[in-house]
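>>> Sharing a model prediction with you, sequence too.
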Amino acid sequence: MEINRIATIYTDFPGKFGLPRQAGLAPSLRGRIVMEKEFRRAEAFRGLEGFSHIWLIWGFSESAGQWQPTVRPPRLGGNVRVGVFASRSPFRPNGLGMSAVKLERIDYEAEDGPVLYVSGIDMVSGTPVYDIKPYAPHADCINGAEGGFAAAVADDYMEVAAPQKLLERLPEDKRRGLLEALAQDPAPHYQDDPKRIYGFEYAGFEIKFRRMENLLILEDITDRV
């Protein structure tokens, strides 16, 4: 089977470090989905406005290397191995990801439209999208489902210390998304150095932070322009 890109999603993350590890964990992070020319047809989206969320099938464009039978999930500290099919690791036989995101609106009037605006993303900017499907709550939400090892860390959020003067360097509509992403603790769990400074690019800014026990401290925000 051949699989072709139907769209590209553009987000505030040019690299994968700093991104939430799952969709929906940082609801304020937004993305813009631009269709390939062949699929810029309004009738292809007829009825989609009635759904609050959509599934995106996409490709791990930032990951390289062959598939691995076991992987080390970051949320387990990076030291515990589980089977690749018990994880959402990018090192899979086929580098496909899937995310349920909120559909904010569809812009049919855009020059490259229809353009889909979504939130709760977990993809780097430029990620190829291979399919879009509506999220159907009556079928996709399974009551009583078990979460395995992931359930133990599902609510494992960090407290974030972020001076207001630093946050004011960001556009106002980007601040909440950054705080939500930082609360996911993007630093590697196998490193425990409270003096180490980590950094990633977000919305055209360089973000610097460090982790001290259960507190994540925002150190600096620098405009990269």
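Received, thanks. Here the structure is a predicted model, which means the values were calculated and not measured. Numbers count the residues shown, from 1 in each chain.
>>> What strands line up against the helix or strand bottoming out on mean pLDDT in the chain, and which way round?
Across the helices and strands of the chain, mean confidence by mean pLDDT, DSSP states H and E is lowest for strand 70-71: a mean of 88. Here the strand partners of strand 70-71, with direction, are listed using DSSP bridges: strand 82-83 (antiparallel).
>>> continuing past the strand it pairs with, what's the next helix or strand?
Note on strand 82-83: by DSSP states H and E, the next helix or strand toward the C-terminus is strand 96-107.
>>> other SSEs contacting that next one?
For strand 96-107, the packing partners by 3 or more C-beta pairs under 8 Å, 6 or more residues apart in numbering; DSSP states H and E come out as strand 53-59, strand 115-119. To be clear about C-beta, it is placed using only N, CA and C from the backbone, and glycine gets the same treatment.
>>> Output those in CSV, with mean neighbour count appended to each entry.
What follows is those, written out as CSV (neighbours: other C-beta atoms under 10 Å):
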stretch, mean neighbour count
strand 53-59, 20
strand 115-119, 20
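>>> Is it possible to get JSON lines of these that adds mean pLDDT and distance to residue 27?
JSON lines is the format used below for these (pLDDT from 0 to 100; distance: least, C-beta to C-beta, whole Å):
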{"stretch": "strand 53-59", "mean pLDDT": "97", "distance to residue 27": "11"}
{"stretch": "strand 115-119", "mean pLDDT": "98", "distance to residue 27": "6"}
